[in-house]
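Colleague: predicted model and sequence follow; I will ask about them next.
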Amino acid sequence: MKNRMIKNITACLFVAVAFIANVNAISPKEAPVPYLSYSYGTWGDAVPATPAYEPNGVVNGFDLGIGALKSPSDLCKDLNGNIAILDAGNKRVVIVNSEMKLVNTIEAGSGKSFESGVELKDPQGICFDKHGRLYIADKVAHAVFVCNSDGTLIRKIIKPISEIIDEKTEFQPIKCLIDSNNILYVLSFGSYEGAYTFDENGDFLGFFGSNKVNVNSQLLSDRFWRHFTTKAQRERMYRYVPIEYENFAIDSKNFIYTVSNFGEQETKGQVRKLNPLSQNILYYGKKPNTQFFGDIDTTWSNVVERSSLVAVDVDEDGFINVLDFGRGRIFQYDKDSYLLTIFGGNTNQVGSFTSPCDLVSVKGNIFVLDSVKGSLTKFQATDYGKSLHEALILHDEGYYEEALVPWFNALKADSTNWMVLKGIGLSYERAKDYKSAMHYFKLGENNKLYSEAFHEYRTEVLRKNFGWVMAIIIALLLIPLIKFIYRKARHIQPKPVDHAEYISKNRFPFYIMAHPFKGWEELKHEKNGSLLYANIILVVWFIMQILEYQYTGFSFNGNRLDEMNIFVILGSTFGIFLLWCVCNWGVCTLFDGKGTFKEVWIFSAYALLFYVILIPIIILLSNVLYQGEAFFLGLVQVVQKLYLILQMVLAVKAVHQYTMKKTVGSILLTLLGIVLVVLVILLFVSLFTQMWSFLETVFQEILMRF
């Protein structure tokens, strides 16, 4: 008894020590973040992801000792890494450092003023130039105020007078930024021409980067009907104008990044990188593809919700951060618009927001401003995020082998991230380790890059084994020659063809495959078809379809192997075959067809034989070819399908004893019948679903009442 007690006490102590050790082992960085972190996989569906950023603090006006921030509207940073908050409601600028400690406040009209001074009415945008001068865009004042760091007014930029500006257009500045050449860019509310540009002296230079009209089906329809309407009717029609920019940012190379929302007709390219010619050069991978920014999923809780993008920022390393006002999330992309991470949320927790309005990045940290909470939230990269960024930077600079270490560090944190797996694969490919590259490309479900690595690996293997390969090819080519010489030496004559040779049931399916034009007629007249062999062909077809789904070479396999549905394959084989036989027999019975349902079944199954035999050949080819040789695979598939059509036409003609014209007509009516049957089935399923839902609702009402 005493020994048992000692053992129990010892076990409890071990458990306690282990628990304490585990608790101490959890660092703050490993603690869960207060929001759902996810990303989008290669199939476009949302998948859980390891957080790349975590909240590192939140401050408001009371924390800074300056009173509440009232409706803050914009953020910017200066050359020293300080962050300026435009406290619009209090008409002041609050400057904090990267640790969110107060540096300075600039009150409206403080210090010396020029003319009437800085009279802020509805300030909405702010920026610094390289000399530390402050620019404030005021919508209601219809001006951009240029001030010194102490708030002293230098100049006031108002609506310029120019032939290219409509006199009726109001100058209502809402956002501003300035490049390294001191060219000022101003977004004006209601202006569709793009950003106003001014030189260092405040002189107007022109417009920059106008958005194009979003072309959609409604626009094309209206353009067509305009040709048939009167002038009065055209004036009442909807006017299509370019989409306004919501916000913009500038990178270290003076490229302007803009963010727009396209409303109900949401399309790709909401974020753009404009060159000096106002052309978008921000591509998704390779030109001319563009990314869809924000959340791909738009339906939540039966309500259609779309991302409402309000701000964009580019950090020192070229990573693009985009802010979603509607859901309070931050989306980060690399230079090629590949999504890296999503974080944040729309709650009251730390790291989430009520009404986020702007963001800015400083020294790898991201700061987000909330206009309703009147707060500034700082996010810092987690160990996973740091590894991911380091790997991408090294890879972009050409240090592929060096990038492997941070890539694998990131992989330890998130083993399913396709971006990480792709990066590792590319690093191995640059190091000419094609086999390893193929492995990681396959894990990352990247068919294209896998195919390129496979091509190089196959070339490498063939080069190393060239002697063996050539010996096998020569041996295969010599076999017919050796056989011919042997027959000549032995004076063996070819076996005479007996045209009256009897074809057994076992051979008939293959005989028809080789002799389609006379084989079908012989099958009809001799009634030598076998229902057993027909069903065996169908079963083998079903099995081959499963094998094709699973084992088609990865370079050509676009199927989700984790979502294979055996019932879908069953329906696409046996289901379609059954529909074909039923509809063909029913149609041809009405048009004096001579075939019974059993004969239609047997003939149709026999017609599939060549199609089924080619499936394993296609699977084999898909595993030895790469995407650049897809022509050869496609050629085999075309032959497979064309021969199936030929066999099916001849089978229908023979089984019903039709002319060719009547055969084609019956096949078309059969296909129409299949479509009608499918529509009826779908209608029945829909009605059944609605009836079931109604009965379920009634049952729940009864339970609630009793």
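Modeller: Received the coordinates, thanks.
Colleague: next helix or strand past the lowest-mean-pLDDT helix or strand in the chain?
Modeller: Ranking every helix and strand in the chain by mean pLDDT, DSSP states H and E puts helix 2-25 at the bottom, with a mean of 38. For helix 2-25, the following helix or strand on the C-terminal side (DSSP states H and E) is strand 38-40.
Colleague: now the element after that next one, going C-ward?
Modeller: Toward the C-terminus from strand 38-40 - assigned by DSSP H and E - lies strand 46-48.
Colleague: contacts for the helix or strand just after that next one, please.
Modeller: On the C-terminal side of strand 46-48, the nearest following helix or strand under DSSP H and E is strand 53-60. For strand 53-60, the external contacting residues (C-beta atoms under 8 Å, 6 or more residues apart in numbering) are 29, 33-34, 68-69, 96, 100, 330, 332, 341, 343, 350-351, 365-366, 373-382, 385. For the C-beta atoms, the positions are set from N, CA and C on the backbone; glycine is no exception.
Colleague: what's the average pLDDT for strand 53-60?
Modeller: Averaging pLDDT along strand 53-60 yields 92.
Colleague: pull out the buried members of the contacts of strand 53-60.
Modeller: The neighbour-count criterion (16 or more other C-beta atoms under 10 Å) marks 33, 69, 96, 100, 330, 332, 341, 343, 351, 365-366, 373-382, 385 among the contacts of strand 53-60 as buried.
Colleague: from those residues, which land in helices?
Modeller: Among the buried ones among the contacts of strand 53-60, the members found in helices (DSSP state H) are Gly385.
Colleague: contacts only, for Asp313.
Modeller: Ala249, Ile320, Asn321, Leu323, Leu359, Val360, Ser361, Ile366.
Colleague: and it, that one's in a helix?
Modeller: No: with DSSP: H, G, I helix; E, B strand; the rest coil as the criterion, Asp313 is strand rather than part of a helix.
Colleague: how close does it get to Gly328?
Modeller: 16 Å (C-beta to C-beta, to the nearest Å).
Colleague: again, but for Gln690
Modeller: Distance, Gln690 to Gly328, using C-beta to C-beta: 37 Å.
Colleague: between those two, which one's more packed in?
Modeller: Gly328 (21 against 10; other C-beta atoms under 10 Å).
Colleague: what are the buried residues along the helix or strand Tyr549 falls within?
Modeller: Tyr549 is part of helix 531-551 when elements are defined by DSSP H and E. The neighbour-count check on helix 531-551 (16+ other C-beta under 10 Å) flags Tyr533, Ala534, Ile537, Leu538, Trp541, Phe542, Met544, Gln545, Glu548, Tyr549 as buried.
Colleague: cool, and stretch 568-581?
Modeller: Ile569, Thr573, Phe577, Leu579, Trp580, Cys581.
Colleague: span of it from start to end?
Modeller: For stretch 568-581, the first-to-last residue distance is 19 Å (C-alpha to C-alpha, to the nearest Å).
Colleague: just stretch 312-323 next, same as before
Modeller: 6 Å.
Colleague: equivalent analysis for stretch 411-427, please.
Modeller: Note: stretch 411-427 ends 14 Å apart using C-alpha to C-alpha.
Colleague: let me see the mean pLDDT of that stretch.
Modeller: On average, stretch 411-427 scores 91.
Colleague: just give me how far that stretch sits from the chain centre.
Modeller: 17 Å (C-alpha atoms, centre = their mean, to the nearest Å).
Colleague: and for stretch 482-492?
Modeller: With C-alpha atoms, centre = their mean, you get 63 Å for stretch 482-492.
Colleague: what does that stretch contact?
Modeller: Under C-beta under 8 Å, 6+ apart, the answer for stretch 482-492 is an empty list.
Colleague: spell out which residues make up each domain of the chain.
Modeller: 56-380, 400-464, 468-495, 509-688 (automatic domain parsing).
Colleague: what's the closest of these to Met704?
Modeller: domain 56-380 (21.7 Å; C-beta to C-beta).
Colleague: endpoint to endpoint, the closest one covers what distance?
Modeller: With C-alpha to C-alpha, one end of domain 56-380 sits 6 Å from the other.
Colleague: does Ile174 count as helix, strand or coil?
Modeller: Relying on three-state DSSP, one would call Ile174 strand.
Colleague: the longest helix seen in the chain packs against which elements?
Modeller: Determined from DSSP H, the single longest helix within the chain is helix 660-705. When contacts are defined as 3 or more C-beta pairs under 8 Å, 6 or more residues apart in numbering; DSSP states H and E, helix 660-705 sits against helix 576-590, helix 630-656.
Colleague: how about those helices, which one is nearest Ala410?
Modeller: Using C-beta to C-beta, those put helix 630-656 closest to Ala410, at 32.9 Å.
Colleague: buried ones in that closest one?
Modeller: For helix 630-656, by 16+ other C-beta under 10 Å, it's 633, 637, 640, 643-644, 647-656.
Colleague: of these, which pair is most distant in space?
Modeller: Spanning the widest gap among those are Leu633 and His656, at 35.3 Å by C-beta to C-beta.
Colleague: coming back round to it: pipe the domains of the chain into a markdown table and attach distance to Phe699 per row.
Modeller: Formatted as a markdown table, the domains of the chain follow (distance: least, C-beta to C-beta, whole Å):
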| stretch | distance to Phe699 |
| --- | --- |
| domain 56-380 | 22 |
| domain 400-464 | 41 |
| domain 468-495 | 70 |
| domain 509-688 | 16 |
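Colleague: mean pLDDT for those: which is lowest?
Modeller: domain 468-495 (a mean of 75).
Colleague: pull the distance from it to the chain's centre.
Modeller: 55 Å.
Colleague: would you say Gly398 is within a strand?
Modeller: No: counting by three-state DSSP, Gly398 is not part of a strand but coil.
Colleague: so what's it up against?
Modeller: Taking C-beta under 8 Å, 6+ apart, one finds nothing in contact with Gly398.
Colleague: what of Ala84?
Modeller: Taking C-beta under 8 Å, 6+ apart, one finds Leu75, Cys76, Lys77, Asp78, Val93, Val94, Ile95, Ile126, Phe128, Leu134 in contact with Ala84.
Colleague: kindly reformat those as CSV containing secondary structure.
Modeller: Putting the contacts of Ala84 into CSV (three-state DSSP) gives the following:
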residue, secondary structure
Leu75, strand
Cys76, strand
Lys77, strand
Asp78, coil
Val93, strand
Val94, strand
Ile95, strand
Ile126, strand
Phe128, strand
Leu134, strand
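Colleague: hang on, the earlier thing: inside strands: which ones of the contacts of strand 53-60?
Modeller: Judged by DSSP state E, the subset of these located in strands is 96, 330, 332, 341, 343, 365-366, 375-381.
Colleague: which one of those sits closest to Leu608?
Modeller: Using C-beta to C-beta, Thr341 comes nearest to Leu608 of those, at 49.3 Å.
Colleague: Gly529 versus that closest one, what's the distance?
Modeller: 62 Å.
Colleague: cool, and Leu547?
Modeller: Counting by C-beta to C-beta - Leu547 and Gly529 are separated by 27 Å.
Colleague: about what we covered before: let's have the buried residues of stretch 568-581 in JSON lines, adding distance to Ser666.
Modeller: Shown next, in JSON lines, are those (distance: C-beta to C-beta, whole Å):
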{"residue": "Ile569", "distance to Ser666": "28"}
{"residue": "Thr573", "distance to Ser666": "23"}
{"residue": "Phe577", "distance to Ser666": "17"}
{"residue": "Leu579", "distance to Ser666": "15"}
{"residue": "Trp580", "distance to Ser666": "12"}
{"residue": "Cys581", "distance to Ser666": "13"}
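Colleague: follow-up on the earlier one: ok, which pair from the ones in strands among the contacts of strand 53-60 is furthest apart?
Modeller: Spatially, the most separated pair among the ones in strands among the contacts of strand 53-60 is Val96 and Thr341, at 25.0 Å (C-beta to C-beta).
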